[in-house]
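[1] What follows is a predicted protein model with its sequence.
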Amino acid sequence: MTWRRKMTDETTPVRRLFNTCKQVFSNGGPGIVPSDDKIQQLRDVLDNMKPEDVGLTPTMPYFRQNTGPENLSPPPITYLHLYQCEQFSIGIFCLPPSGVIPLHNHPGMTVFSKILFGTMHIKSYDWVVDAPMRDSKTRLAKLKVDSTFTAPCNVSILYPEDGGNMHRFTAETACAVLDVLGPPYNLEGRHCTYFLDFPFNKFSSANGVVLRDEEHKEGYAWLQERDDNPEDLNVVGALYTGPNVED
Ligand SMILES: [Fe+2]
(Lines give C-alpha, C1' and ligand atoms only; values in the text may rest on other atoms or scores of the structure.)
Protein backbone atom coordinates (compact mmCIF):
# COMPACT_ATOMS: atom_id res chain seq x y z
CA MET A 1 0.00 0.00 0.00
CA THR A 2 1.39 3.39 -0.96
CA TRP A 3 1.70 6.22 1.53
CA ARG A 4 -0.98 8.21 -0.29
CA ARG A 5 -3.43 5.31 -0.22
CA LYS A 6 -2.78 4.75 3.46
CA MET A 7 -3.43 8.43 4.24
CA THR A 8 -6.73 8.36 2.33
CA ASP A 9 -7.88 5.26 4.13
CA GLU A 10 -7.15 6.81 7.50
CA THR A 11 -8.97 10.07 6.85
CA THR A 12 -12.15 10.33 8.89
CA PRO A 13 -15.38 11.51 7.20
CA VAL A 14 -15.33 14.87 8.99
CA ARG A 15 -11.72 15.53 7.95
CA ARG A 16 -12.59 14.52 4.41
CA LEU A 17 -15.43 17.07 4.58
CA PHE A 18 -13.06 19.78 5.85
CA ASN A 19 -10.41 19.02 3.21
CA THR A 20 -13.03 19.00 0.45
CA CYS A 21 -14.46 22.34 1.64
CA LYS A 22 -10.94 23.84 1.52
CA GLN A 23 -10.63 22.82 -2.13
CA VAL A 24 -14.20 23.63 -3.17
CA PHE A 25 -14.21 27.14 -1.65
CA SER A 26 -10.53 27.98 -2.22
CA ASN A 27 -11.38 30.79 -4.67
CA GLY A 28 -14.69 31.57 -3.01
CA GLY A 29 -16.31 34.86 -2.15
CA PRO A 30 -19.72 36.52 -2.02
CA GLY A 31 -21.85 35.59 -5.04
CA ILE A 32 -19.22 33.13 -6.35
CA VAL A 33 -20.73 29.69 -6.98
CA PRO A 34 -18.22 26.81 -7.10
CA SER A 35 -17.95 24.96 -10.43
CA ASP A 36 -20.27 22.00 -11.15
CA ASP A 37 -17.35 19.59 -10.54
CA LYS A 38 -16.62 21.09 -7.15
CA ILE A 39 -20.30 21.11 -6.16
CA GLN A 40 -20.48 17.43 -7.08
CA GLN A 41 -17.33 16.66 -5.08
CA LEU A 42 -18.78 18.19 -1.91
CA ARG A 43 -22.20 16.67 -2.59
CA ASP A 44 -20.61 13.19 -2.74
CA VAL A 45 -18.84 13.67 0.60
CA LEU A 46 -21.94 15.04 2.37
CA ASP A 47 -24.30 12.42 0.92
CA ASN A 48 -22.23 9.74 2.65
CA MET A 49 -22.06 11.41 6.06
CA LYS A 50 -23.80 9.86 9.04
CA PRO A 51 -24.59 11.15 12.55
CA GLU A 52 -21.82 9.04 14.09
CA ASP A 53 -19.26 10.74 11.80
CA VAL A 54 -19.77 13.89 13.88
CA GLY A 55 -20.34 12.11 17.20
CA LEU A 56 -24.13 12.57 17.30
CA THR A 57 -26.88 10.22 18.46
CA PRO A 58 -30.62 11.03 18.66
CA THR A 59 -30.56 10.27 22.41
CA MET A 60 -28.41 13.35 23.19
CA PRO A 61 -30.07 16.06 25.32
CA TYR A 62 -30.16 18.58 22.42
CA PHE A 63 -32.89 16.50 20.77
CA ARG A 64 -35.18 16.05 23.77
CA GLN A 65 -38.75 17.28 23.60
CA ASN A 66 -39.70 20.11 25.95
CA THR A 67 -41.82 19.04 28.88
CA GLY A 68 -43.51 21.30 31.41
CA PRO A 69 -44.91 24.83 31.07
CA GLU A 70 -42.10 26.13 28.88
CA ASN A 71 -43.36 23.94 26.03
CA LEU A 72 -45.58 26.82 24.89
CA SER A 73 -42.53 28.60 23.51
CA PRO A 74 -40.51 27.16 20.62
CA PRO A 75 -38.02 24.60 21.92
CA PRO A 76 -34.38 25.72 21.84
CA ILE A 77 -32.22 24.73 18.89
CA THR A 78 -28.56 23.94 19.51
CA TYR A 79 -25.81 25.02 17.11
CA LEU A 80 -22.55 23.07 17.17
CA HIS A 81 -19.77 25.07 15.55
CA LEU A 82 -17.22 22.88 13.76
CA TYR A 83 -15.14 25.35 11.75
CA GLN A 84 -15.16 28.81 10.21
CA CYS A 85 -12.74 30.72 7.98
CA GLU A 86 -13.28 33.55 5.46
CA GLN A 87 -14.21 31.11 2.68
CA PHE A 88 -16.59 28.69 4.43
CA SER A 89 -18.14 27.50 7.68
CA ILE A 90 -19.28 24.09 8.93
CA GLY A 91 -21.85 23.63 11.70
CA ILE A 92 -24.69 21.43 12.88
CA PHE A 93 -28.19 22.49 13.92
CA CYS A 94 -29.75 20.11 16.45
CA LEU A 95 -33.56 20.45 16.53
CA PRO A 96 -35.89 18.79 19.04
CA PRO A 97 -39.36 17.82 17.75
CA SER A 98 -41.29 20.99 16.65
CA GLY A 99 -38.09 23.05 16.59
CA VAL A 100 -38.19 25.78 13.94
CA ILE A 101 -35.47 27.82 12.27
CA PRO A 102 -37.54 30.78 11.00
CA LEU A 103 -37.46 31.95 7.38
CA HIS A 104 -34.06 33.56 6.68
CA ASN A 105 -31.74 34.35 3.77
CA HIS A 106 -28.15 33.53 2.74
CA PRO A 107 -26.89 36.62 0.87
CA GLY A 108 -24.33 35.77 -1.83
CA MET A 109 -23.84 32.26 -0.44
CA THR A 110 -23.91 28.68 -1.64
CA VAL A 111 -25.28 26.46 1.14
CA PHE A 112 -25.24 22.67 1.50
CA SER A 113 -27.68 21.21 4.08
CA LYS A 114 -27.49 17.51 4.91
CA ILE A 115 -30.11 16.01 7.24
CA LEU A 116 -28.14 13.49 9.30
CA PHE A 117 -31.18 11.98 10.98
CA GLY A 118 -34.86 12.73 11.55
CA THR A 119 -37.72 14.20 9.52
CA MET A 120 -37.80 17.86 8.58
CA HIS A 121 -40.07 20.10 6.56
CA ILE A 122 -38.27 22.61 4.35
CA LYS A 123 -40.03 25.60 2.81
CA SER A 124 -37.92 27.82 0.59
CA TYR A 125 -38.23 30.77 -1.79
CA ASP A 126 -36.23 32.76 -4.32
CA TRP A 127 -36.80 36.42 -5.18
CA VAL A 128 -38.83 37.20 -8.27
CA VAL A 129 -36.38 39.17 -10.40
CA ASP A 130 -37.63 42.61 -11.54
CA ALA A 131 -40.87 42.41 -9.48
CA PRO A 132 -41.77 45.73 -7.85
CA MET A 133 -41.27 46.03 -4.09
CA ARG A 134 -44.51 46.39 -2.12
CA ASP A 135 -42.63 48.65 0.28
CA SER A 136 -39.02 48.99 1.40
CA LYS A 137 -39.25 45.77 3.42
CA THR A 138 -41.64 43.58 1.40
CA ARG A 139 -40.76 41.84 -1.84
CA LEU A 140 -42.32 39.19 -4.09
CA ALA A 141 -40.81 35.69 -3.96
CA LYS A 142 -41.44 32.42 -5.75
CA LEU A 143 -41.89 29.17 -3.85
CA LYS A 144 -39.06 26.73 -4.55
CA VAL A 145 -39.45 23.85 -2.06
CA ASP A 146 -42.34 22.91 0.22
CA SER A 147 -41.61 19.31 1.18
CA THR A 148 -40.80 16.96 4.00
CA PHE A 149 -37.48 15.09 4.00
CA THR A 150 -36.53 12.05 6.06
CA ALA A 151 -32.93 10.92 6.51
CA PRO A 152 -31.17 9.24 4.86
CA CYS A 153 -31.71 11.68 1.98
CA ASN A 154 -29.46 13.60 -0.35
CA VAL A 155 -28.00 16.98 0.50
CA SER A 156 -30.06 20.11 -0.40
CA ILE A 157 -28.13 22.90 -2.09
CA LEU A 158 -29.12 26.56 -2.42
CA TYR A 159 -27.35 29.28 -4.41
CA PRO A 160 -27.08 33.08 -4.22
CA GLU A 161 -29.89 33.64 -6.74
CA ASP A 162 -31.81 30.35 -6.83
CA GLY A 163 -32.33 26.91 -5.32
CA GLY A 164 -34.39 28.43 -2.46
CA ASN A 165 -32.05 31.06 -0.98
CA MET A 166 -34.60 31.95 1.74
CA HIS A 167 -35.65 28.92 3.78
CA ARG A 168 -37.41 27.75 6.94
CA PHE A 169 -36.69 24.42 8.69
CA THR A 170 -39.41 22.79 10.81
CA ALA A 171 -38.52 19.61 12.70
CA GLU A 172 -41.28 17.01 12.51
CA THR A 173 -39.17 14.68 14.67
CA ALA A 174 -35.90 15.37 16.42
CA CYS A 175 -33.33 16.00 13.71
CA ALA A 176 -29.80 17.12 13.00
CA VAL A 177 -28.72 19.16 9.95
CA LEU A 178 -25.12 19.55 8.88
CA ASP A 179 -24.72 22.94 7.20
CA VAL A 180 -21.83 24.11 5.00
CA LEU A 181 -21.89 27.81 4.02
CA GLY A 182 -19.61 29.32 1.42
CA PRO A 183 -18.87 32.08 2.25
CA PRO A 184 -20.19 32.32 5.84
CA TYR A 185 -22.26 35.17 7.26
CA ASN A 186 -20.30 38.17 8.45
CA LEU A 187 -20.99 41.55 9.99
CA GLU A 188 -19.74 43.50 6.95
CA GLY A 189 -22.43 42.90 4.36
CA ARG A 190 -23.50 39.27 4.72
CA HIS A 191 -26.02 39.71 7.45
CA CYS A 192 -28.72 37.10 8.17
CA THR A 193 -32.15 38.66 7.61
CA TYR A 194 -35.37 37.03 8.84
CA PHE A 195 -38.71 37.24 7.01
CA LEU A 196 -42.43 36.63 7.41
CA ASP A 197 -44.18 35.12 4.38
CA PHE A 198 -47.66 36.20 3.31
CA PRO A 199 -49.89 34.67 0.60
CA PHE A 200 -49.75 36.40 -2.78
CA ASN A 201 -53.39 37.51 -2.54
CA LYS A 202 -52.83 39.40 0.71
CA PHE A 203 -51.16 42.38 -0.99
CA SER A 204 -51.41 41.79 -4.73
CA SER A 205 -54.54 43.79 -5.61
CA ALA A 206 -53.55 46.82 -3.54
CA ASN A 207 -50.12 46.68 -5.07
CA GLY A 208 -51.26 46.31 -8.67
CA VAL A 209 -49.11 43.25 -9.24
CA VAL A 210 -50.50 40.87 -11.83
CA LEU A 211 -48.95 37.50 -12.42
CA ARG A 212 -48.65 36.29 -15.98
CA ASP A 213 -49.47 32.78 -14.76
CA GLU A 214 -52.33 33.83 -12.49
CA GLU A 215 -53.44 30.24 -11.99
CA HIS A 216 -50.11 29.52 -10.24
CA LYS A 217 -50.38 32.23 -7.60
CA GLU A 218 -50.00 29.65 -4.79
CA GLY A 219 -46.42 29.46 -6.00
CA TYR A 220 -45.76 33.07 -4.94
CA ALA A 221 -45.57 34.87 -1.61
CA TRP A 222 -44.63 38.25 -0.18
CA LEU A 223 -41.61 38.15 2.10
CA GLN A 224 -41.44 40.90 4.68
CA GLU A 225 -38.22 41.67 6.57
CA ARG A 226 -38.38 41.20 10.33
CA ASP A 227 -36.37 42.55 13.24
CA ASP A 228 -32.85 41.24 13.69
CA ASN A 229 -33.73 38.92 16.57
CA PRO A 230 -37.15 37.38 15.97
CA GLU A 231 -38.87 36.20 19.14
CA ASP A 232 -39.42 32.73 17.66
CA LEU A 233 -35.70 32.14 17.13
CA ASN A 234 -34.12 30.38 20.07
CA VAL A 235 -30.65 29.10 19.15
CA VAL A 236 -28.03 28.29 21.74
CA GLY A 237 -24.43 27.38 21.03
CA ALA A 238 -22.80 24.24 22.41
CA LEU A 239 -19.34 22.76 22.13
CA TYR A 240 -18.77 20.28 19.33
CA THR A 241 -17.28 17.13 20.86
CA GLY A 242 -17.15 14.85 17.80
CA PRO A 243 -14.06 13.71 15.87
CA ASN A 244 -11.43 16.39 15.08
CA VAL A 245 -12.24 18.52 12.07
CA GLU A 246 -8.71 19.64 11.17
CA ASP A 247 -5.71 17.40 10.59
FE1 LIG B 1 -30.16 28.57 6.51
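    Received, thanks. Just so it is clear, the model here is predicted, and its values are computed rather than measured. Residues are numbered from 1 along each chain as shown.

[2] Let me know the pLDDT of the residue nearest to Glu225 when sequence neighbours are not counted.
    Once flanking residues are discounted, Glu225 sits nearest to Lys137: 4.1 Å by CB to CB, 6 or more residues apart in numbering. In short, each C-beta sits where N, CA and C put it, glycine included. Confidence per residue is given as pLDDT, and for Lys137 that number is 92.

[3] Neighbours of Lys137, how many?
    For Lys137, the tally of surrounding residues (other CB atoms under 10 Å) stands at 13.

[4] measure it to Asp162 for me?
    Distance from Lys137 to Asp162, counting by CB to CB, to the nearest Å: 22 Å.

[5] okay but Phe93 is in contact with Tyr79, surely?
    Yes. Using CB atoms under 8 Å, Phe93 is in contact with Tyr79, at 5.8 Å.

[6] Which residues are in contact with each of the two?
    Jointly contacting Phe93 and Tyr79 under the rule CB atoms under 8 Å, 6 or more residues apart in numbering are Val235.

[7] Compare these two (neighbour count), which wins?
    Neighbours were counted for Phe93 and for Tyr79 using other CB under 10 Å; Phe93 has more, 22 against 16.

[8] Leaving out the residues flanking it, which one is nearest to the more buried one?
    Val177 (4.7 Å).

[9] same for the longest strand seen in the chain, what does it pack against?
    Ranked by residue count under DSSP state E, the longest strand found in the chain is strand 138-150. In this structure, strand 138-150 packs against strand 119-127, strand 220-225, with contacts taken as 3 or more CB pairs under 8 Å, 6 or more residues apart in numbering; DSSP states H and E.

[10] all strands of the chain, in order?
    Shown for the chain, the strands assigned by DSSP E span residues 77-84, 89-95, 100-104, 110-117, 119-127, 138-150, 156-158, 166-171, 175-182, 195-199, 220-225, 235-238.

[11] what's the burial count for Ile32?
    15.

[12] Residues in a beta bridge with the residue nearest to Phe93, which ones?
    In this structure, Val177 has the following beta-bridge partners (DSSP bridges): Phe93, Ile115.

[13] ditto for Ser124
    For Ser124, the residues forming beta bridges with it (DSSP bridges) are Val145, His167.

[14] So what's the residue count around it?
    Neighbour number of Ser124 under other CB under 10 Å is 20.

[15] Next: the one 10 residues further on.
    Counted with other CB under 10 Å, residues neighbouring Arg134 total 20.

[16] What's the separation between it and Glu246?
    With distances defined as CB to CB, the gap from Arg134 to Glu246 amounts to 46 Å.

[17] Same check on Val128?
    When CB to CB is applied, the distance between Val128 and Glu246 equals 41 Å.

[18] and if you look at Pro184?
    In this view, Pro184 and Glu246 are 16 Å apart by CB to CB.

[19] Check Thr193 too.
    Thr193 sits 31 Å away from Glu246, going by CB to CB.

[20] For those two, work out which one has more neighbours and name it.
    Taking neighbours as other CB under 10 Å, Thr193 and Glu246 compare with Thr193 leading, 16 against 10.

[21] Hmm, that one is touching Leu103, no?
    No. Using CB under 8 Å, Thr193 and Leu103 do not qualify as a contacting pair, with a distance of 9.5 Å.

[22] what residue ranges in the chain score low on pLDDT?
    1-10, 67-72, 204-216 (pLDDT under 70).

[23] Nearest the geometric middle of it, what residue?
    For the chain, the residue whose C-alpha lies nearest the mean C-alpha position (CA atoms, centre = their mean) is Ser113; its distance is 5.3 Å.
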